[in-house]
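K.L.:
take this sequence and fold it.
(3 chains)
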Amino acid sequence: MQDLGGAFGEAFRLIGAFDGDLVEIVLLSLRVSLSAVALAALVGLPLGAAVAVARFPGRMASIAAMNAFMGLPPVVAGLAVYLLLSRAGPLGDFGLLYTPEAMVIAQAVLVTPIVAALARQTIEDLHGDYDEQLRALGIGRTGAVATLLWEARLSLVTVLLAGFGRAIAEVGAVIIVGGNINHVTRVMTTAIALETSKGALNLALGLGIVLLAIVLAINALAGLLRHSVAESAHA
Amino acid sequence: MSRLLPSLAAALALTAGAAAGDDSFIVLQSTTSTRNSGLFDRILPMFAEASGIEVRVVAVGTGQAIRNAANGDGDVLLVHARDAEEAFVAEGYGVERFDLMYNDFVILGPSADPAGVAGMADAPAALAAIARAGARFASRGDDSGTHRKERDLWRMAGVDPVASSGAWYLETGSGMGATLNTAAGLDAYVLSDRATWIVFGNRGDLALHVEGDDDLFNQYGVILVDPERFGHVKAAEGQAFIDWLLSDAGQAAIAGHRIAGRQLFFPNAK
Amino acid sequence: MPDDPLAADAGRTRTGALPIAGRDLSLGRDGRMLVDRVSLAVGTPGVTALLGPNGAGKSLLLRMMAGLIAPDGGAVTWAGRSPDRARAHLVGVVFHRPVMLRRSALDNVRFALKAAGVPRSERRDRAMAALASGGLDPLASTPARVLSGGEQQRLALVRAMATGPEALLLDEATAHLDPASALAIETLVLKARDGGAAVLLVTHDLTQARRLADRVVCLHGGGLEADLAADAFFRGPPAGPARAFVEGRLVA
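P.N.:
Residues are numbered from 1 along each chain as shown, chains lettered A, B, ... in the order given. Modelled structure (predicted):
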C-alpha cells in the first residue's frame, strides 16, 4: 500500500533527478498560471476597483455576480471555453484548442472573478477612508480607481496570490481545453491526474508535493516583494 | 464580464498566428487505455521518425473522444466501440473506419472472490453470478468503450444492474484508472481492458478472475476525421498516420509493445 | 501606475473660487435636520471660525461648502458657479484625521500638484518649497505613514496649501494634536491668511478661535446662531445658545 513516506521519497527523487520532463511540466504550469493571473489582473483589478468606486443601477447585482463567480467550478469554466474554442464553436477558426493559450484563457476565466471580487472589497474599504480627500484634491473617478489600486498594492499582492493558488491547483479546466498532451499541454495537475489514473499513487503524490513546494516558493517570493514594498511605503 | 471578452479576443488574436501556422503535427482523439498502457509512448516516436509528423494525443473516454472528433477537434480518431465508430462514419464525420488491433477485456475482483466467479469462461454468466451474490461491482458509467462493452455483457446476462445503482452496482463516471482505484478501495469487481490492468500500479487486493471469453474481445478502430466536413483537418498528415498504423511497420510496432514480457495489443489490420 | 491616470486633470480652467457661498443649506439624515437653512459666505482674506458644540452640524456645513457632499436644500457656489473638480485645487481641505497616501511626504505633495495640473517639471521644486514652509523638508523622503500624528496633519495642510488655494477649509484639524503640534498648524494657517487666503476653520476650541479668528460663526442644532466679527462675538455674544456655549454651559 502507498504511504506518505513513499510519496515524499518519490518527491525528493523527482527533484533530485531534475528530470527534463518534470522541469518542462513545471515550467509550463508556471507559464500558464502566471499568464492567466496576469490576464486576470489586467481585467479584474480595474473592474473590481471601478465597481468599488462607482455608483450605478445594478451595482449590488454585479457584486453578487462577481462573488458568485468566485465559486465557478473549473470543469464548467473549462467546458465553456472548450465550447468557444472548439472547431465547432464561434472561435474555432483560431485553432486554439489543445494549446497552452487555451489553458491560459480557461484559467483566466476562473481567476478573474476572484481577483475582481477581492479587489472590489479591498478597494471599497480603502475608498471609505480616501474618498473625500481625493475629491478635495480634484481627483475624478478614473483617477481614484488608479490611485486606490496603487494605495492597495500590498493587499492586492495577496489577492493575486489567491488567484494564482486557484489557477495552479485546478485540473478540471485545463484537462478539458488542454487535453493533457504530453510535451504540449501537460501541467502539474494533469500529470498528477494521469499518474493517479495509472494507479501510480506514490508518483502522483510526489508530483503533488513538488507542486506544493513551487506554490510555497512563489508565495515566499511574493512575501519578500511585499516586505520590500512595505519598507519603502509603510502600509 | 463585459470587459473580459475584448481581452480574450486580443489574447486570441495574439496567439492565433503561432497556433495555426505549425502544420507538422496532428491531433489524435483516443482513449485512456491506449495512452495509459504506454502504447503511444512507444509507437509515436517511431512514426515521427518515419514521417516527421508529431502526433498529439488527447486521451479521454471513447464516448467523449467521438464527440470531440465530431466537433472537428481532432484529425484522427482511435477508439474501441465498433458500432459508435461506424455511426460516426455513417453520419459523415469520418472518412472510413479501419480495424487496427485488438486486445481483450478481463473481469477483476477481490481475491476472496465472494461471487465465486474465478476461472469461469463465460463472462455474462460471471456477471450474473456477481449480481446474484449482490457483490460490489464498479462500473465506468461514462459511456466509454469499456462501459459500452460492459452494458452489452449485462444485457447478455439478463441483468439490469442500473436498477441496483448505489447498492452493489457503483457507477464511478470516471476513467479506467479511477475506476480501478475505486474497485481496489472497495473490494469490488470491475471490467477492465487488459492493457490498463497490466500496467496498473495500485492493484491492492484485486485479482484477475475471468478472461478468454469471445465476448470479451476488444477491437480498436482508426478513422480519419472527414476533411470535407472540417476544412482545417490535416488530411494528408492524418492519412499518413493511418497508413503507417495499418502498414507492416506500424503493425509490427504495435505487436512489439510489451510490458513485463507481455504483449498488450494484437494488430489485426486487413 | 500612480503617475499617469491623473494627467487628464491637467489643463483645467483657472477662474477663481471666491466667494464660497452657501445659501439656505439644509441637510437631513433619517428624518432629522442636521443642518437647517444656513446661509454663509467666505470671500475675503481672513479666518472665519465655525464654532459650536459636537453635533451642531459644523463638519457637515464645511463639507457642503467644500463641494464634498450635496445639500438636500439650498445651493453652494464658488465664485457664483457650482463647485467643480477643475477648481478643487483652489479650495484646500484638511480633515480632522489626515489621509496620507502610502508614499513619501514629498510624493504626497507632488500628488496634489499633479492633480492640480502643475506641469511635471515644476512639481518637485514646488513640493519641496511647500514642505519647507511647514518645516517638513528634512522628512521629504520619509513614508508619510510613519510620520507622527502632528507631522501628518502638518503635511496634510502643506499638501492643501501647495496648490495655492484661495480658500482653506479646516475641519477640527488640531483636535487630536498636542499643543506644540497644534501651534505649528496655527502658524501655517496664519501664514496662509497673510498670503491672502480665506480660511474657514471648524473648531470647538474657544481659545483657538480667540487666537485666530477675525470672524466667528456659531452653529447650534443645525441652525445659525451668530455671525459676528470676532471682537464683537467674544466681547458679548448674543443671548441664547451662543452665549451659553462661550460660557461653557452648553455642551451639546
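K.L.:
now do the contacts for residue 33.
P.N.:
Here I'm looking at chain A. Counting by Cβ atoms under 8 Å, 6 or more residues apart in numbering or on different chains, A:Ser33 makes contact with A:107, A:164, A:167-168. C-beta coordinates here come from the backbone N, C-alpha and C atoms, glycine included.
K.L.:
you answered for a different chain; I wanted chain C.
P.N.:
C:26-27, C:222.
K.L.:
what about dumping the CA coordinates of the host helix or strand of A:Leu194 to CSV?
P.N.:
Assigned by DSSP states H and E, A:Leu194 belongs to helix A:188-197. Coordinates of each C-alpha in helix A:188-197 appear next as CSV, following Å, rounded to 0.1, in the frame of the first residue of the first chain:
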residue,chain,number,x,y,z
MET,A,188,1.5,19.5,-12.9
THR,A,189,-2.2,18.9,-12.1
THR,A,190,-3.0,17.0,-15.3
ALA,A,191,0.2,14.9,-14.8
ILE,A,192,-1.0,14.1,-11.3
ALA,A,193,-4.4,13.1,-12.6
LEU,A,194,-2.7,10.9,-15.2
GLU,A,195,-0.5,9.2,-12.7
THR,A,196,-3.4,8.7,-10.4
SER,A,197,-5.4,7.1,-13.2
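K.L.:
neighbours around A:Leu34, how many?
P.N.:
17 (other Cβ atoms under 10 Å in any protein chain shown).
K.L.:
quick check, the worst-scoring helix or strand of chain A on mean pLDDT touching chain B?
P.N.:
Least confident helix or strand, chain A: helix A:4-17 with a mean of 79, by mean pLDDT, DSSP states H and E. No. Judged by Cβ under 8 Å from any Cβ of the partner chain, helix A:4-17 makes no contact with chain B; its nearest approach is 11.8 Å.
K.L.:
pull out the buried positions in that helix.
P.N.:
A:7, A:10-11, A:14 (16 or more other Cβ atoms under 10 Å in any protein chain shown).
K.L.:
separation between the nearest residue to A:Thr189 once chain neighbours are set aside and B:Ala235?
P.N.:
Ranked by Cβ to Cβ, 6 or more residues apart in numbering or on different chains and with sequence neighbours excluded, the top spatial neighbour of A:Thr189 is A:Val171, at 3.8 Å. A:Val171 sits 33 Å away from B:Ala235, taking Cβ to Cβ, to the nearest Å as the criterion.
K.L.:
give me the next element, helix or strand, following the helix or strand hosting B:Ala84.
P.N.:
Assigned by DSSP H and E, B:Ala84 belongs to helix B:82-90. Once helix B:82-90 ends, the next helix or strand along the chain (criterion: DSSP H and E) is strand B:94-110.
K.L.:
how far away from the center of its chain is that following strand?
P.N.:
How far strand B:94-110 lies from its chain's middle: 8 Å, per Cα atoms, centre = their mean, to the nearest Å.
K.L.:
same question, stretch A:36-52
P.N.:
Distance, centroid of stretch A:36-52 to centroid of chain: 12 Å (Cα atoms, centre = their mean).
K.L.:
check stretch C:44-62 too.
P.N.:
With Cα atoms, centre = their mean, you get 10 Å for stretch C:44-62.
K.L.:
re earlier: between the contacts of C:Met33, which is nearest C:Gly196?
P.N.:
C:Leu27 (30.3 Å; Cβ to Cβ).
K.L.:
A:Ala117 against A:Met66, yeah?
P.N.:
Yes. The pair A:Ala117 / A:Met66 is scored as a contact, 4.2 Å apart, by Cβ atoms under 8 Å.
K.L.:
any low-confidence regions in the chain?
P.N.:
Defaulting to chain A. Chain A contains residues with pLDDT under 70 at A:1-3, A:231-235.
K.L.:
you answered for a different chain; I wanted chain C.
P.N.:
Using pLDDT under 70, chain C drops low at C:1-14, C:249-252.
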